[in-house]
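**Student:** need coordinates for the following:
(chains A, B and C)
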Amino acid sequence: MKLEQVAALVGGSLSGDGSIEISDVRGIEDAGEGHVTFVSKKKFFPLLAESKASAVIVEREIDTNIPQIVMASPMLAFAKLLNAFHPETKPKPHIDSRAALGQNVTLGTDVTISPFVCIGDNVSIGQGAVLHPGVVVGPGCRIGDEAVLHPNVTLYRNTILGNRVILHAGAVIGADGFGYTPDETGYHVKIPQIGQVVIEDDVEIGANTCIDRGTVGNTTVKQGTKIDNLVQIAHNCTIGEHSILVSQVGISGSCILGHHVVLGGQAGLADHVKVGDQAMLAAQSGTFRDVESKSAQGGYPSVPIMTWRKYVTLLPKLPEMSRKIRDLEARLKAIEKMESDS
Amino acid sequence: MKLEQVAALVGGSLSGDGSIEISDVRGIEDAGEGHVTFVSKKKFFPLLAESKASAVIVEREIDTNIPQIVMASPMLAFAKLLNAFHPETKPKPHIDSRAALGQNVTLGTDVTISPFVCIGDNVSIGQGAVLHPGVVVGPGCRIGDEAVLHPNVTLYRNTILGNRVILHAGAVIGADGFGYTPDETGYHVKIPQIGQVVIEDDVEIGANTCIDRGTVGNTTVKQGTKIDNLVQIAHNCTIGEHSILVSQVGISGSCILGHHVVLGGQAGLADHVKVGDQAMLAAQSGTFRDVESKSAQGGYPSVPIMTWRKYVTLLPKLPEMSRKIRDLEARLKAIEKMESDS
Amino acid sequence: MKLEQVAALVGGSLSGDGSIEISDVRGIEDAGEGHVTFVSKKKFFPLLAESKASAVIVEREIDTNIPQIVMASPMLAFAKLLNAFHPETKPKPHIDSRAALGQNVTLGTDVTISPFVCIGDNVSIGQGAVLHPGVVVGPGCRIGDEAVLHPNVTLYRNTILGNRVILHAGAVIGADGFGYTPDETGYHVKIPQIGQVVIEDDVEIGANTCIDRGTVGNTTVKQGTKIDNLVQIAHNCTIGEHSILVSQVGISGSCILGHHVVLGGQAGLADHVKVGDQAMLAAQSGTFRDVESKSAQGGYPSVPIMTWRKYVTLLPKLPEMSRKIRDLEARLKAIEKMESDS
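**Tutor:** Below is the predicted model:
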């Protein structure tokens, strides 16, 4: 690809020789001759001087002796170019004879069903969907167009996946919610979980992540949301559009998240918590109270992130503070004694 | 079902017209005409006034113009009615020809073995048990009556499951405990894990949860205990009867939990910790010390829950406390100086 | 085995009757007649007096009336003897006809391929390797000699496993890293993840653990490292040699760990964190700053472990400290008033 083609592809404006050949795209630390690279943060500019990259994508024009492409999001250009230079190889559509299909299974065109896939009755699978080996689809599920289910994914009955949903290996969608109630003898009676899970279009879900079905009604993950590995989403939650849930997040039952919410790794929500649009929770934080839209919080129980950042720097000073209080007490007592004596 | 039948089924006393037809049971927010609903907490009573439900189950008689059923646990009634109106459909018993069975496998009556199930030698499976697709059962395992193993569950060799045990998809029971000892060169030598896992009757285990085998001797989960998704239980633990372990809990090796213990989500125990009967640990807390029976703790390291609740509210005030101490010091110094000058 | 043979096997020096018969090895609490036991910590010596063990392995000669074997690491002796008395039974090598093999698959001698294993094109598997049922190996993977892949493990394309690597059930190696960048409309565009995962020799990885492929370049786990269950390792991390990652640890993208690092259970690292050789992080701690070699840290954000231990003991005293500050303020104010009045 010529550099001018690269510029056109990413929608950026080029300054420099557009006729040079570009063979690949790389991060700033790995880029060599023939590569276009990108710099999205100021702190990486020094690396550019030492780089052998043949061209660079930047947010604003910079002082450099190699050709540059200027565009609003160099990272977005990077994503587009990775796709262009390393197009994903989709398996050739086929229904493997070693798969087990139930009754009344509807398959769109160009579907791939791999060996040892097991599909229950009354399932529909959209065109171009790929089911990798070991995937198990319970009865009544509906899988959208171009969905990809990686190996050993399990969908319990009646789960609904939108178009272009990606489920990574070992993800479990639609297991029973964790609901019991004690009887008179202290024995936990299972509350039947008769709801389902609905995953909307363009959602990606990480490896070994678990999303439980609703008790009654749905657990819903809305359009465009991305969920990392080993995340837990309990029954009857609603996760809003375009949210980001980092690895090992745990969300208790009946939580409602708005759109563009970001939960850092290992963060946790108690049940029935509402998190407003565009709110952010730092890694390892937790809350049992609602979180306002556009707020950023940290700690457990979580507080505004600047409050949290300030108090954690003081934690190691607690012993000193404690000593000072004792010292002040002693000195004040001495003065008080003096005053009363005089 | 007539309302009088509903009342009889849940064992409650009815006031109002018992002849009305009830078609389903719903939570207070979803209930409509023909539905019986339930209210178990005072704060939901206002919702009842707006509800279109045809009848309500309550703990004590209330002032309402719809028929009511009074019984000790409305939640328990809800569980019973969900079972009545939405009976679970068990797959028709059959041994699928695409399953792989080892030698000397003993199957009870009415067992279901799905496609791509793999069963090792010398395994026994009790009557009415259901093994969903992709389940792998190691040699020497014993599975009780009416047990349900959801898709892609793995049992390592010699695992024992009681009656009515439910394992959700992707659960791994009996993997090697995490035990090594360094040799002279700093290389970690694996300590063979020759013990096994015993899961007693009526235990339910969540999706992708892991319970490791004992090094020597057993890891045991006792009767009636319920374990959520993505929980880790290390080698040689004993989890007592009727306990509740919420999602992402982590329990290190050789811990001993009593009966009716409750561990909140993401809570952690260091190794060799004993947790007494009916003790409770809050979500995200952790402890490396034993926890007394009937106590409730929070924080890390955990302390009595009221102590924890009090100190966390003061954390955001640390900067102010620190400033005040500095201020007190300065003022005290001024007074001391004055005293010494006079 | 005679006791003198036991002593020779573990490389220890024997005092006492070497001709007695030893039938098994046990921990101090379980040892009975005919058993050799071991004591590695002083606190367990009292248990030895009550034990029926026929011999004991200790670090230094002790006062006891049973034969003893002295060697540097009794725990290492325990590991060796468990192996001797309970040798692991490897399945008889065979390629099951119910497995699905792609094109150009190279198998070493004595390989075991179980039922319902699915192997992609251009895969090579070293001699003596064991693939348990339900394992899925993507195209282009290389698996070393004597590797063991437990049931339902998934390797994405181009994953490389060294010799004697052990992957426990449900582990997912090589899923896409969690990388997105927003476009102008707030939609998350997936950054293609074209790198791979390299697991070096003698690494053991726990059940349902996830290790993501690099965006560009590799995610690497170096020789001899042991990883527990339900651990998350994100894209482009390097985990150094002989490290120990306890269950539910979460490591964000591009972290670099040295050799002999130890991360306690549920600990977390933010992205791009460097952890020096032999550094240690306590359970449930977290850091977004680099950790120096040989340091031990705790808390979140983590601080030197002694600092952390000191301040956490003061947390429950915060209410008292707060009260004292208020009290000091009032008393000081009274004195100040007096001074100004006089």
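**Student:** next up, the contacts around the spatially most central residue of chain A.
**Tutor:** If you average the C-alpha coordinates of chain A and look for the closest C-alpha using CA atoms, centre = their mean, you land on A:Ile227, 3.2 Å from that point. With contacts defined as CB atoms under 8 Å, 6 or more residues apart in numbering or on different chains, A:Ile227 is in contact with A:Val203, A:Glu204, A:Ile205, A:Gly206, A:Thr209, A:Val221, A:Ile233, A:Ile239, A:Leu245. Every residue, glycine included, has its C-beta placed from N, CA and C.
**Student:** so which residues on the stretch 151-300 of chain A come close to chain B?
**Tutor:** The interface of the stretch 151-300 of chain A toward chain B, taken as CB under 8 Å from any CB of the partner chain, is made up of A:152, A:154, A:156, A:170, A:172, A:175-176, A:178, A:180-184, A:186-192, A:194, A:208, A:210, A:212, A:215-217, A:230, A:232, A:234, A:248, A:250, A:252, A:266, A:268, A:270, A:286, A:288, A:299-300.
**Student:** from those residues, which are also near chain C?
**Tutor:** Near chain C, taking CB under 8 Å from any CB as the test, the members of these found are A:Asn152, A:Gly170, A:Asn208, A:Leu230, A:Gln248, A:Gln266.
**Student:** isn't the fifth one right up against A:Leu230?
**Tutor:** Yes. The pair A:Gln248 / A:Leu230 is scored as a contact, 5.0 Å apart, by CB atoms under 8 Å.
**Student:** which positions within the helix or strand containing A:Val197 qualify as buried?
**Tutor:** When secondary structure is defined by DSSP states H and E, A:Val197 falls within strand A:196-199. Of all the residues in strand A:196-199, those buried under the rule 16 or more other CB atoms under 10 Å in any protein chain shown are A:Gln196, A:Val197, A:Val198, A:Ile199.
**Student:** columns pLDDT on top of the residues you listed, output as a markdown table?
**Tutor:** Conversion of the buried residues of strand A:196-199 to a markdown table gives the following (pLDDT from 0 to 100):
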| residue | pLDDT |
| --- | --- |
| A:Gln196 | 96 |
| A:Val197 | 98 |
| A:Val198 | 98 |
| A:Ile199 | 98 |
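**Student:** among the residues you listed, which pair sits farthest apart?
**Tutor:** Using CB to CB, the pair of the buried residues of strand A:196-199 lying farthest apart is A:Gln196 and A:Ile199, separated by 10.4 Å.
**Student:** who touches both of the two?
**Tutor:** Shared contacts of A:Gln196 and A:Ile199, defined by CB under 8 Å, 6+ apart, are found at A:Thr159, A:Ile160.
**Student:** picking that back up, overlap in contacts, A:Gln248 and A:Leu230.
**Tutor:** C:Gln232, C:Gly250.
**Student:** just for the stretch 1-150 of chain A, where's the confidence low?
**Tutor:** Within the stretch 1-150 of chain A, no stretch has pLDDT under 70.
**Student:** interface residues of it facing chain B?
**Tutor:** A:Ala100, A:Phe116, A:Cys118, A:Gly134, A:Val136.
**Student:** just give the nearest non-adjacent residue to the third one, would you?
**Tutor:** In space, not counting the residues next to it along the chain, A:Cys118 is nearest to B:Pro133; the distance is 3.7 Å by CB to CB, 6 or more residues apart in numbering or on different chains.
**Student:** need phi/psi at that neighbour.
**Tutor:** With angles defined as degrees, to the nearest 10, B:Pro133 sits at phi -60, psi 140.
**Student:** tally of neighbours for it?
**Tutor:** By the criterion of other CB atoms under 10 Å in any protein chain shown, B:Pro133 has 30 neighbours.
**Student:** got a list of what it touches?
**Tutor:** With contact set as CB under 8 Å, 6+ apart, B:Pro133 has these partners: A:Ala100, A:Cys118, A:Val136, B:Ser114, B:Pro115, B:Phe116, B:Val117, B:Pro151, B:Asn152.
**Student:** from what I can see the first one touches B:Ser97, true?
**Tutor:** No. With contacts defined as CB under 8 Å, A:Ala100 does not count as touching B:Ser97, sitting 10.1 Å away.
**Student:** which bits of the stretch 201-342 of chain A sit near chain C?
**Tutor:** When proximity is defined as CB under 8 Å from any CB, the stretch 201-342 of chain A approaches chain C at A:202, A:204, A:206-208, A:224, A:226, A:228-230, A:242, A:244, A:246-248, A:260, A:265-266, A:283-284, A:312, A:315-319, A:321-322, A:325, A:328-329, A:332, A:335-336, A:339.
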